[in-house]
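Chemist: all I have is the shape, not the residue letters:
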C-alpha cells in the first residue's frame with residue numbers, strides 16, 4: 001500500500017523556490033498567489049504544512065501564519081525569508097512558526113524541515129487520537 005501524500009500550502013514565491021524539492025519528494029503542493037487565496041485554501045481543505053514567505057505583498061508572513069492558525073490551529077508553518085534576522089526568527093517562533101529558514105538554503109535542509117514538521121504533526125495527531133480513545137474507553 002502506498003503512503004498517503006502530504007498536502008503542502010505555499011505562497012507563490014515559496015513555490016518558485018521550493019517546487020523542485022517538493023516535487024521530488026512526492027508532496028502535493030497547492031500554491032496561493034495572494035494571501036487571501038492561502039486563507040481560502042485552508043478554509044476549504046486540510047493541509048499538513050504551510051510554507052510561507054516572511055515578506056508578502058499585503059502583509060508579512062507571520063500575520064498570515066496567525067490567520068491560518070485561527071482556521072487550523074495545529075497547522076505547522078515554516079517561514080522562509082531572504083531578509084532574515086535573529087529578531088524576526090525569534091518573533092516568528094514565539095508567535096507560532098514551526099520553523100524559520102533563510103534563503104538561500106540547501107534543498108536537503110528544507111526537506112529535513114518539511115519532514116520534521118510532518119512527522120511532528122503525525123505524532124501529535126496520534127496522541128490526540130489516543131486521548132480520545134482513552135477518554136471514551138474505546139479499544140484500538
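Modeler: Good, I have the coordinates. Note that the structure is a prediction, hence the values are computed from the model and not measured.

Chemist: after the lowest-mean-pLDDT helix or strand in the chain, which helix or strand is next?
Modeler: Within the chain, judged by mean pLDDT, DSSP states H and E, the helix or strand with the poorest mean is helix 12-24; its value is a mean of 55. Heading C-terminal from helix 12-24, the first helix or strand you meet, by DSSP states H and E, is strand 28-32.

Chemist: listing partners with orientation, what would you give for that following strand?
Modeler: Taking DSSP bridges as the criterion, strand 28-32 sits next to strand 7-11 (parallel) in its sheet.

Chemist: average pLDDT for the strand it pairs with?
Modeler: Taken as a whole, strand 7-11 has a mean pLDDT of 73.

Chemist: pull the residues that contact that strand.
Modeler: 18, 22, 27-32, 35, 38, 41-42, 45-53, 56, 61, 64, 114 (Cβ atoms under 8 Å, 6 or more residues apart in numbering). All C-beta spots, glycine's among them, are computed from the backbone N, C-alpha and C.

Chemist: give me the below-cutoff pLDDT ranges for the protein.
Modeler: Residue ranges of the chain with pLDDT under 70: 1-6, 11-26, 138-140.

Chemist: which stretches of it form helices?
Modeler: Across the chain, reading from the start of the chain, the helices by DSSP state H fall at 12-24, 35-44, 61-71, 86-94, 107-135.

Chemist: so which bits of stretch 104-120 are buried?
Modeler: By 16 or more other Cβ atoms under 10 Å, the buried positions in stretch 104-120 come out as 110, 111, 113, 114, 117, 118.

Chemist: which of the contacts of strand 7-11 count as buried?
Modeler: Neighbour-count burial (16+ other Cβ under 10 Å) is assigned, among the contacts of strand 7-11, to 18, 22, 27, 29-32, 35, 38, 41-42, 47-53, 56, 61, 64, 114.

Chemist: and residue 97, what does it touch?
Modeler: Contacts of residue 97 (Cβ under 8 Å, 6+ apart): 62, 65, 77, 78, 79.

Chemist: of those, which is the most crowded?
Modeler: Within the contacts of residue 97, residue 79 tops the neighbour count with 29 neighbours, counted by other Cβ atoms under 10 Å.
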